Structure formats: C-alpha cells, structure tokens
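Enquirer: Sequence below, structure please.
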Amino acid sequence: MSKIKVIAGDLLEGKWDFSSPVMWINSGTWVSPKTERVSLKNLMESVEAVTEENKKKFFGTVGWGLVGTDLLGPLGFIGGALVGGNKKEVCFACLLTDGRKFMAVTDGKTWKELMVLSFNKK
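Expert: Next comes the predicted model:
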C-alpha cells in the first residue's frame, strides 16, 4: 500500500492510503472521526507534476493563486527532486471531475500508478 500526502486543496490534508485506484484517509479523533474515500479511476480529470516551469500556469488556471509558491517553497522539492538518496518524491496537482482539486506529494512508484490511471481513462 502506498501513501499520498495531501498538502492543500479540497480534500482532507494528511497522509492518505492508496491502493490503485482508491485513496482513503482516516483522521480526527475517536469522538469526531473524519473518513474520506476517493476512487480516482472515476473522478480523476487530470493529474500533473508540479515543476518550476508549470506551477505558475497551473495555479493561475486553477485559481489557487500564491498557494503553490507558499506551500512548495518550504518543502524543498518540486516535481521529481531527489530526497534522501534514491527515494524520489513527486509533488503533483490533481483536478477531479466533481470540481474538487488537491495538491499532494508521493513517491515515484505511486506517481507512475497515477499516470497509468490518467492514461487509461482517456
């Protein structure tokens, strides 16, 4: 099982579990639990790695303004930077067909799975 860390957007922020094509999160407290489940196979409209070249275009188009710059700067990596040896992490933005959007970070293997889902949908 893989992890996707949602860092901004319309989904609950935090570490989501991912087993293609579904991602889910269980957070909150035992008194007030928060659970969300998203099937990306049916809901993913687009997914794109956030790079220095495209972050301005993407955030302007989607309407997130300076959120991208504020959140990505402190992370110290953007779309494909190497972290901790051979571990590759990718920052990406995803737009869902229901209008929700989110920005997240994941490992290279999970990123490939997301790309396959996106490609097979078309």
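Enquirer: I'd assumed V38 was in contact with L117.
Expert: No. Counting by Cβ atoms under 8 Å, L117 does not reach V38; the two are 11.8 Å apart. In short, each C-beta sits where N, CA and C put it, glycine included.
Enquirer: More neighbours: which of the two?
Expert: V38 (22 against 16; other Cβ atoms under 10 Å).
Enquirer: what kind of secondary structure is T51 in?
Expert: At T51 the chain is in coil, as set by DSSP: H, G, I helix; E, B strand; the rest coil.
Enquirer: what pLDDT, on average, does the top helix by length along the chain get?
Expert: For the chain, the longest helix by residue count, based on DSSP state H, is helix 108-121. In this model, helix 108-121 carries a mean pLDDT of 88.
Enquirer: Show me what that helix is in contact with.
Expert: For helix 108-121, contacts defined as Cβ atoms under 8 Å, 6 or more residues apart in numbering pick out 2-4, 18, 20-21, 40-41, 44, 46-47, 49, 87-90, 92, 94, 106.
Enquirer: And T97, how close does it get to S39?
Expert: Here T97 is placed at a distance of 11 Å from S39 (Cβ to Cβ, to the nearest Å).
Enquirer: Am I right that K41 falls within a helix?
Expert: Yes. According to three-state DSSP, K41 belongs to a helix.
Enquirer: who's in contact with it?
Expert: Contacts of K41 (Cβ under 8 Å, 6+ apart): 20-22, 117, 121.
Enquirer: now do 10 Å
Expert: Shown in contact with K41 (Cβ atoms under 10 Å, 6 or more residues apart in numbering): 20-22, 117-118, 120-121.
Enquirer: Look up how far L114 lies from it.
Expert: Counting by Cβ to Cβ, the separation of K41 from L114 is 11 Å.
Enquirer: what's the answer for F18, then?
Expert: Distance from F18 to L114, counting by Cβ to Cβ: 8 Å.
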